[in-house]
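**Student:** sequence and predicted structure are below.
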Amino acid sequence: MLLLLSAVHLFKLKTYHEVVDEIYYQVKHLEPWERGSRKTAGQTGMCGGVRGVGAGGIVSTAFCLLYKLYTLRLTRKQVNGLLQHTDSPYIRALGFMYIRYTQPPADLFDWYAEYLDDEEEVDPRAGGGGSTTIGALVRQMLIKLDWFSTLFPRIPVPIQKQIEFKLAEHNRQSAAAKPAVAAPRGGGGGGGNNYNPGRADADRREHDDRDRRDYGDADNRYSKDRTKRDDRDRERDRDRDRDRRDRDRDRDRDRRDRHRERSRSKDRHRHRSRSRDRRYR
């Protein structure tokens, strides 16, 4: 009944401004599931990655409204309105989340670059206790594979490396511009507000491992199929060569037979000529 009422209420939200107001009044955290509704204790790997809503738990208000934003097909101006909203950090955070889920991976850094050092605080964790900054939040969205155990859309490895390079370059420029570095705050959703190259390397290795798992079987199947095709091609080539040799032998045999026949014909002709000469002499 609770889910039905929520769905009906969500359906009634028709405009961008209505959804923004709903975010302002209702969103208190940024986790995908409501606290305590999803039991994955002791589960590892894909066992914990439940895809069905009914089996997974109660979808959070934040993610319901994120989906509603997706159905509205926001304009660039509306997205920027979310990112720069002054009323609530959760409105801004859902704007960044909207970008992470809907924009091409190659465009993500350009969207986020302006906000990498944003100091506005937000607490993404259900129940609180995970305060971080908007800048730290967008960095996590660029380098992490998941958000509270829910996978982000995949970023191809070459683009991920470009993002990490740009982040490192941004950090060098920021360090040169600020001699004194502020102490890092505790992070929500996976870390503090400073980019950690070691953590990024670990994430990239995990990214590469997932790629190998996803595409390894396909590569093996392709290799086997290619070997079978090569064997068939070689067999066809052998058959073609055998047929060509047979045709050559047949032509040679026919040529020899014709030559032998012409030779016999000439011999008979010469024999008849000599016989006539002797007869009329």
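**Tutor:** Perfect, I can see it now. Note that the coordinates shown come from a computational prediction; the quantities given were computed from them, not determined experimentally.
**Student:** for the spatially closest residue to Gly127 that is not a sequence neighbour, give me phi and psi.
**Tutor:** Counting by C-beta to C-beta, 6 or more residues apart in numbering, Gly127 lies nearest to Arg35, which is 5.5 Å off, once chain neighbours are set aside. Glycine gets a C-beta too; all of them are placed from N, C-alpha and C. The phi/psi pair for Arg35 (degrees, to the nearest 10) reads phi -60, psi 130.
**Student:** what is the burial count for the nearest residue to Ile134 once chain neighbours are set aside?
**Tutor:** Among residues not flanking Ile134 along the chain, Asp118 sits closest, at 3.9 Å (C-beta to C-beta, 6+ apart). Residues near Asp118, counting by other C-beta atoms under 10 Å, number 20.
**Student:** tell me the contacts of Asp118?
**Tutor:** 133-135, 138 (C-beta atoms under 8 Å, 6 or more residues apart in numbering).
**Student:** pLDDT averaged over the helix or strand hosting Arg238, what's the number?
**Tutor:** Assigned by DSSP states H and E, Arg238 falls within helix 197-279. Mean pLDDT, computed over helix 197-279, is 66.
**Student:** and stretch 21-40, by the same measure?
**Tutor:** 84.
**Student:** also stretch 61-76?
**Tutor:** Taken as a whole, stretch 61-76 has a mean pLDDT of 94.
**Student:** just the CA trace of it, in CSV.
**Tutor:** Written as CSV, here are the backbone C-alpha positions of stretch 61-76 (Å, rounded to 0.1, in the frame of the first residue of the first chain):
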residue,chain,number,x,y,z
THR,A,61,12.8,8.8,-2.2
ALA,A,62,16.0,10.3,-3.7
PHE,A,63,16.1,7.6,-6.4
CYS,A,64,12.4,7.7,-7.1
LEU,A,65,12.7,11.4,-7.7
LEU,A,66,15.9,10.9,-9.7
TYR,A,67,13.9,8.6,-12.0
LYS,A,68,11.1,11.2,-12.2
LEU,A,69,13.7,13.7,-13.4
TYR,A,70,14.8,11.2,-16.0
THR,A,71,11.2,10.9,-17.4
LEU,A,72,11.0,14.7,-17.7
ARG,A,73,14.0,14.7,-20.2
LEU,A,74,15.6,17.8,-18.7
THR,A,75,17.1,20.6,-20.8
ARG,A,76,20.6,21.7,-20.3
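**Student:** shaky segments in the stretch 1-150 of the chain?
**Tutor:** 1-6, 37-56 (pLDDT under 70).
**Student:** which residue ranges of it form strands?
**Tutor:** For the stretch 1-150 of the chain, strands defined by DSSP state E, counting those that start in this stretch occupy the ranges 121-122, 132-133, 146-147, 150-151.
**Student:** how about CSV for the ones you listed, with distance to Met97 added?
**Tutor:** Below are the strands of the stretch 1-150 of the chain laid out as CSV (distance: least, C-beta to C-beta, whole Å):
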stretch, distance to Met97
strand 121-122, 11
strand 132-133, 14
strand 146-147, 8
strand 150-151, 11
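**Student:** and these, which is most packed in?
**Tutor:** strand 132-133 (a mean of 24; mean count of other C-beta atoms under 10 Å).
**Student:** what packs against that one?
**Tutor:** In terms of contacts (3 or more C-beta pairs under 8 Å, 6 or more residues apart in numbering; DSSP states H and E), strand 132-133 is packed against strand 121-122.
**Student:** what is the burial count for the nearest residue to Leu82 once chain neighbours are set aside?
**Tutor:** Once flanking residues are discounted, Leu82 sits nearest to Gly95: 2.9 Å by C-beta to C-beta, 6+ apart. Gly95: 25 surrounding residues under other C-beta under 10 Å.
**Student:** give the contact list for Gly95.
**Tutor:** Gly95 is in contact with 79, 81-83, 85, counting by C-beta under 8 Å, 6+ apart.
**Student:** state the distance from it to Asp237.
**Tutor:** Between Gly95 and Asp237 the computed distance is 61 Å (C-beta to C-beta, to the nearest Å).
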